[in-house]
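Enquirer: Generate a structure from the sequence data that follows.
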Amino acid sequence: MSDPVIAPYGTWASPISAERVAAGVRPVGAPRIAGERVLWLQSLPQEGGRSAVVELGADGARRVRTPAPFNVRTRVHEYGGGAWACVDDTIWFSNFADNLVYAQRGDAAPLAISADATQRHADFEPDLARGRLLAVREQHAGADEPANSIVALRLDGAGSTTLVAGGDFYAAPRLSPEGRRLAWLTWNHPRMPWEGTELWLAAVADDGTLAHARRVAGGPAESLCQPVWGPDGKLYVVSDRDGFWNIYRLEVGGLVAVCPMQAEFGLPMWVFGQSSYGFNGPDEIIAACRQDAISRLLRIDLRSGAATPLATPFEDIAELRVGAGCAVLEAGAPTAPQRIVRLALADGALTVLASSADDVPAPEQVSVPRAIRFASAGGRIAHAFHYAPCNPGFRAPPGERPPLIVVSHGGPTAMATSTLKLATQFWTSRGFAVLDVNYGGSTGFGRAYRQLLSGQWGIVDVEDCIAGARHLVEQSLVDAERLAIRGGSAGGYTTLAALAFHDVFKAGASYYGVADLRALDADTHKFESRYTNDLLAPLPERAALYAQRSPLQHAHRMSCPVIFFQGLDDKVVPPAQSQAMVAAMRARGIRVGYLEFAGEGHGFRRKETQQRALEAELSFYAQVFGFAPADPIAPVELR
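Expert: As a prediction, the model looks like this:
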């Protein structure tokens, strides 16, 4: 091999183009097992990014089950999830274009079993003995807040029946194996599901109506998720009552821990249908847990409570389903993108069924992250994944330190993981360092860490991002004069707050970020409409705090360039947020880039959008930090 070319950081020629990133990413997820068949959802970029059910049959043949133009996606809570279910050869799914629920039997054309487009459905639970499909419904009609309920849709399309109503939110209707009991989760404003939820149980009569409904667990200070009926007919659920999301079994006296650990077996219910454990016979659970945001797989003996590790190369297991002698995982690793993988429980053999990216860089071109801990404000310890620049064809001139991009994730209760992401390697292969921060408030570290953000949004998250950048500067790993911060949604707010209230970063990139907290509270959708009560304070009593923490109200303090990316169909953070921030900064004479995309919502799905955004962000950093990128890209206008 020839010697590496000596060139400044940022100017390295990379084989990972923005086009390759956008074209190569086909998100996969929501795996299901139906007998000997495995099915999952896969995004099809060549078909406009629609989500389709893909099946791997017992014969090894792979085929797309849901035909174009059907897009298997729901907008309940705006974030969706739980958009489909299957039994044997039948699939039920929500179609994104018309909000209707469809049934597809074998290779027959899908047939609608709902008729009202103002009704959104998710989290399906088949009740075949009664000829119906249970689901969470979100009714959108008129100007009032949408109404949520649990309903039963007739499989023949002849209407529906409301089973549970009156609460603000519902999730996870789960029918017992003999079909005589129904469990579900519910919570009310102002709580989010990771703050406080309740587990309810009712008897199911022969005619399908519910009786003797009662709360069996949960409350305002306990978060429950993933209720599952075991083969023994007992109800299991994940609870954080002891500080970490652990698996519990419902007994006569209440919840009993199955295998107590300082590890997380659950995730915040931003979306429906999550699954981190399942039953391998009556005496064993196969489960994925996280410790410090790193996943591991376990066998849990229900008789003794003992947990035995199952060796896999994966550090990020997002979902897990268990079938006869196997587990199917949605998982990723530092050198492998998100994948659907089948694990044989007898011998540990792994079979990759689908990948979110086939065009993966060679191992020597991949920057493998290292998990770091560092001191932050108030004596806290924060966490992050550090990616060093990596490109075997180049090295920097002696003495030069790389520019740093600090990533503030969304949520803000989400979590940075170590799974290989082409979008991260896009930067490291050009000579950037990247720090993906799990600031206080992030998932994967227990309830107490998650609650660090209570009342402190815009403070703790910002302090931890700044502390992470300074930590790398102090170790001489990055250039203190070329520090950037980027983030989307809530991470966009952290980005803008860091730039408005501190002068550490020299550039920022906001993807559909929050700029005006009071406007967010007024304009956002039902699911998050009271979220700021915990993150900030209740309104109207503390209205002044909203103005105090809003970057828009402090745009006059901004001193460095920022680029904004916004979808015009965004219902979570409406375009007015970015537009107002851009106007305020330009009025002050600060260089700003602004790109808006028609047809895009909260999170970009189209290949051309993703490519243009990455290229524009690279052009932005090149102009701000004064280097010439090797890529032949159209420059973004800063004015």
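Enquirer: If you rank every helix and strand of the chain by mean pLDDT, what lands last?
Expert: None of the helices or strands of the chain scores lower by mean pLDDT, DSSP states H and E than helix 517-523, at a mean of 83.
Enquirer: CA-only coordinates of the helix or strand just after it in PDB, if you can.
Expert: Where DSSP states H and E defines the elements, the next helix or strand beyond helix 517-523 is helix 531-535. Extracted as PDB, the C-alpha positions of helix 531-535 are listed here (Å, rounded to 0.1, in the frame of the first residue of the first chain):
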ATOM      1  CA  TYR A 531     -43.900  17.200  28.100                       C
ATOM      2  CA  THR A 532     -42.400  20.500  29.100                       C
ATOM      3  CA  ASN A 533     -44.100  20.400  32.500                       C
ATOM      4  CA  ASP A 534     -41.400  18.000  33.600                       C
ATOM      5  CA  LEU A 535     -38.600  19.200  31.400                       C
END
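Enquirer: residue contacts, the spatially most central residue of the chain?
Expert: A centroid search over the chain (Cα atoms, centre = their mean) returns A414, at 6.4 Å, as the residue closest to the centre. With contact set as Cβ atoms under 8 Å, 6 or more residues apart in numbering, A414 has these partners: P268, W270, S442, T443, A490. In this view, the C-beta of every residue, glycine as well, is placed from N, C-alpha and C.
Enquirer: give me phi/psi at the first one?
Expert: Right, P268. Here is the backbone geometry of P268 (degrees, to the nearest 10): phi -60, psi 140.
Enquirer: so how far is Q577 from it?
Expert: The spacing between P268 and Q577, counted by Cβ to Cβ, to the nearest Å, is 23 Å.
Enquirer: Name the nearest residue to L329, sequence neighbours excluded.
Expert: Excluding the flanking residues, the one nearest L329 by Cβ to Cβ, 6 or more residues apart in numbering is V341, at 4.9 Å.
Enquirer: secondary structure element for the one you found?
Expert: For V341, the host element (DSSP H and E) is strand 336-344.
Enquirer: Give me the contacts around that strand.
Expert: For strand 336-344, contacts defined as Cβ under 8 Å, 6+ apart pick out 27-29, 31, 38, 40, 297, 310, 312-314, 316, 318, 325-332, 349-357, 360, 419-422.
Enquirer: How about stretch 379-386?
Expert: With Cβ under 8 Å, 6+ apart, stretch 379-386 has contacts from 292-293, 369-376, 416-418, 433-440, 442, 445, 452, 460, 463-464, 467-468, 472, 477.
Enquirer: Apply 6 Å and report the result again.
Expert: Stretch 379-386 is touched from outside by 369-374, 376, 416, 418, 435-439, 464, 468, with contacts defined as Cβ atoms under 6 Å, 6 or more residues apart in numbering.
Enquirer: Taking those together, which two end up most distant?
Expert: Across the contacts of stretch 379-386, the longest distance by Cβ to Cβ is 20.4 Å; it joins S376 and S418.
Enquirer: how close does M415 sit to A507?
Expert: In terms of Cβ to Cβ, M415 sits 25 Å off from A507.
Enquirer: Comparing these two, which residue is more hemmed in?
Expert: Between M415 and A507, counting by other Cβ atoms under 10 Å, A507 is the more crowded of the two (23 against 20).
Enquirer: Can you dump the C-alpha atoms of the strand holding V341 in PDB for me?
Expert: Extracted C-alpha coordinates of strand 336-344, given in PDB (Å, rounded to 0.1, in the frame of the first residue of the first chain):
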ATOM      1  CA  ALA A 336     -22.000  -3.600  11.700                       C
ATOM      2  CA  PRO A 337     -25.100  -1.500  10.800                       C
ATOM      3  CA  GLN A 338     -28.500  -2.200  12.200                       C
ATOM      4  CA  ARG A 339     -29.600  -5.700  11.100                       C
ATOM      5  CA  ILE A 340     -32.300  -8.300  11.500                       C
ATOM      6  CA  VAL A 341     -30.500 -11.400  12.800                       C
ATOM      7  CA  ARG A 342     -31.700 -14.900  13.700                       C
ATOM      8  CA  LEU A 343     -30.000 -16.500  16.600                       C
ATOM      9  CA  ALA A 344     -30.200 -20.300  17.100                       C
END
